[in-house]
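Chemist: Show me the folded form of this:
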Amino acid sequence: MVERLLFLPRSWSDFRAPVFRVPVTLVLVTVISLFICSLLSTREGVIPPNDGVITLPLEGFSSAFLGEYGEALYPADADATILDVSGSDDWQKLQTRYVSFGSLADPAWLRVKLHNIKNEPITVRVDTRRVAFKWMKLYLTPDGGRTVNQFLDYSYDAPFSNRPVNHRILVADVVLQPGEQTELYVHYEGLYISMLPIRVAAPSSFELADKYELVWSALFYGFMLAAFFLTILTWSLTGWRLSVSLGVFLTVSLLSVWSVEGYIDQFLVPTKNQVTAHLTDAVYLWNYAGLLLLSRNIFDLKPNAPIIDRIMIGAINFIFLVSILHLLFGIFPRDSIVVMSFSARVSSVALYAVVGIWAVANNEKGGTIFTASAVLLTMAAAFTVFIDTFGFQQGGIPGTMRILVTIETIAFAIAIAQNVAAIRYERDAALVADLRATREKLRLNEALRDSQTAYERARLRAFDYRNRLQSVSHDILQPLSSLKAALNENLPADSAARKPLSEAFEYLQALANENLPAAKRAAGSQDQENETPITLVLDAVVAMFVSEAAAKGIDLNRHLDLDDTISADPVLLMRAVSNLVANAIRYTSDGAVTVSAEKSNGAVTIEVSDTGPGLSRQQIEQVMQCGVSGAQSNGSGLGLSIVQDALDELGGSFELISTPGAGTTARCHIPVQHTSEIG
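Modeler: As a prediction, this is how the structure comes out:
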């Protein structure tokens, strides 16, 4: 009772219920996601003794982060000069590698002292690892601010070809003289999250870091290229909607990485105008829309989760509309588009997670790995909001984004593979079950046909035997009549032997007459006690052939306008109608076969109609002959002859009506009487 009240699982199968499967999955993937995000987070390590001086040159290929040694003044006036800020008491020590002043930063100042301890000039490279600044200016003040040497004046609004450095990552070189000690001032205003991993190092150290970055970039782009090729190769397997969605996601993800790394500015936007100035903003929004589009199509939400599907369609359309308007017309100011971008990120990640939870709850194949990727992305988005310096310490935000895109792509690929594999497995299982059912049906039909064939063979033997018996009986009647006449002539009427001999001859004559149908009808000796309602016989015929008709894809219909009191000899009636129905099904490839009956003028008319190829008048004459079969028949040619003989015994008639191309109708007329009249 306690377990039921607390919804505790009582067996392993209970763990598979959504009420347990969903929370357990979310807890596990949340723990894993937190672990991955912690690995991607910037770790400060040991902060050096902060006396505000970076001693140059640095050993080997190392570099010094400005934040570990420098000070910050924030916020600051954009028009303030070094003389205005150098003597301020608001400077604060940073003691952190990466510097961030929030997502919508005001202008800020950074400063640090540089000291060349060598007796020769050295070149120092200032490396920002970013290009996402509204503007940045770098100064050296060797005498405390009285002399100012500006060596970088950068503006994001300027065309890339006119910027002071020709590199996708903003760098600048400065030369320090032997023994020189100077102050480095950085004055900038950021875009979006202004995380600034600015460092100083020798040019060789920068080049080594760039090569390291190049290796990881090559691996990432090689993986993305392989994903594109696999998307094209599996087009027919996954379907065009899912393939296009994956292609869109890969494309916008690449564009987002290029935006963060600066490739769009360097290679795609050599000159800036109103459209290209907002291209990066639009790319980020497209990335969220592409994520939702792929999430929607992986599990085919439209028929399976229509409410979630409609919400996602609305979100996708809204994001695309905002991005296109901003790209073409620039109608949103920078502060507004940043807010929209964060809102789109939060809503898309939330919907992404909702789809994952729905997939796990409904036990969709690929749902677990999909949910894991959704929770990881949610955690990463939360880290970027609450931890300003979140980013893989070796590659910063670009490196982190490449890793996240790679993980997301792998997760999507696994989810798609599992989902498609499950669909194919279910389809194959259904095909196997259908094949087994078809084989069983064919086996039953074959057994029925074998039984029908055996029945026809036995019936033909009996028919032949009866004909021969009738012939012998007919041949015996004449000698018996002669012998009886001779007996009457040669033996006196009062002879004691005449009576037993006469009785013996009469018995033999009656026995022979019983094997002659005409004699039986003339004598009124038909066994009416064995007659059966016609409706019952016709229903039995329809039931016997309905499976064979269904196997050929045609309908077997019945229309009986008779009451159950109208009867006939069941054997003869079954013999006639079953042959007609068998022929109709055999020669009909599509359409229907209809068995109908009605009473009029003291007789019953039974019709078997089909939608087969029909017969010409000459063909009708041929098939009505005993031993002649149709052009497509594999039978002996006795079918219609048997029908005619059966109707002759019933005292009825038979005719065949057909038109080439319009089907055939076999019509039987049988004189009958009601059961109540029999006897």
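
Chemist: from here on, contacts and neighbour counts on C-alpha atoms
Modeler: Will do.

Chemist: got a list of contacts for the host helix or strand of residue 648?
Modeler: If you go by DSSP states H and E, residue 648 is part of helix 639-650. The contact list for helix 639-650 (CA atoms under 8 Å, 6 or more residues apart in numbering) reads 517, 568-569, 572-573, 575-577, 579-580, 623-627, 653-654, 668, 670-671.

Chemist: filter those to the buried ones?
Modeler: Those of the contacts of helix 639-650 that meet the buried threshold are 517, 568-569, 572-573, 575-577, 579-580, 623-624, 653-654, 668, 670-671, by 16 or more other CA atoms under 10 Å.

Chemist: Helix or strand next in line after the helix holding residue 648, which one?
Modeler: strand 653-658.

Chemist: on contacts alone, who are the packing partners of that following strand?
Modeler: helix 617-623, helix 639-650, strand 664-671 (3 or more CA pairs under 8 Å, 6 or more residues apart in numbering; DSSP states H and E).

Chemist: Next one: residue 664 from residue 658, what distance?
Modeler: 4 Å (CA to CA, to the nearest Å).

Chemist: Check the contact lists of these two and give me the overlap.
Modeler: 614-615.

Chemist: So which of the two has more stuff around it?
Modeler: Using other CA atoms under 10 Å, the more surrounded residue of residue 664 and residue 658 is residue 664, with 23 against 20.

Chemist: Quick check: bridge partners of that one?
Modeler: Judged by DSSP bridges, the bridge partners of residue 664 are residue 610, residue 658.

Chemist: backbone phi and psi for residue 139, please?
Modeler: Torsion angles at residue 139 (phi, psi; degrees, to the nearest 10) stand at phi -130, psi 150.

Chemist: residue contacts, it?
Modeler: 148-152, 184-186.

Chemist: Got the confidence number for it?
Modeler: Turning to residue 139, the model gives it a pLDDT of 93.

Chemist: any idea how far it is from residue 185?
Modeler: 5 Å.

Chemist: Chain neighbours aside, what residue packs nearest to residue 156?
Modeler: residue 134 (5.0 Å; CA to CA, 6 or more residues apart in numbering).

Chemist: give me every residue that touches the one you found.
Modeler: 155-157, 188-191.

Chemist: can I get these in CSV with secondary structure, pLDDT and distance to residue 177?
Modeler: Formatted as CSV, the contacts of residue 134 follow (DSSP: H, G, I helix; E, B strand; the rest coil; pLDDT from 0 to 100; distance: CA to CA, whole Å):
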residue, secondary structure, pLDDT, distance to residue 177
155, strand, 82, 29
156, coil, 74, 31
157, coil, 72, 34
188, strand, 88, 26
189, strand, 86, 30
190, strand, 79, 31
191, coil, 70, 34
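
Chemist: of all the residues you listed, which two lie farthest apart?
Modeler: 157 and 188 (13.8 Å; CA to CA).

Chemist: Compare those two (neighbour count), which wins?
Modeler: residue 188 (23 against 14).

Chemist: what's across from that one in the sheet?
Modeler: Bridge pairing for residue 188 - DSSP bridges - gives residue 108, residue 136.

Chemist: So it sits against residue 111, correct?
Modeler: No. The pair residue 188 / residue 111 is not scored as a contact, 11.7 Å apart, by CA atoms under 8 Å.

Chemist: how big is the angle separating the longest helix anywhere in the chain from helix 639-650?
Modeler: Ranked by residue count, the top helix of the chain under DSSP state H comes out as helix 396-490. Interaxial angle, helix 396-490 versus helix 639-650 (axes from the mean of the first three to the mean of the last three CA atoms, to 10 degrees): 50 degrees.

Chemist: okay, now residue 153: neighbour count?
Modeler: So residue 153, with other CA under 10 Å, has 16 neighbours.

Chemist: wait, isn't it in contact with residue 138?
Modeler: Yes. In this structure, residue 153 is within contact of residue 138 by CA under 8 Å, at 6.9 Å.

Chemist: per-residue pLDDT, residue 531?
Modeler: 74.

Chemist: Please verify my assumption that it contacts residue 570.
Modeler: Yes. Between residue 531 and residue 570 there is a contact under CA under 8 Å: 6.1 Å.
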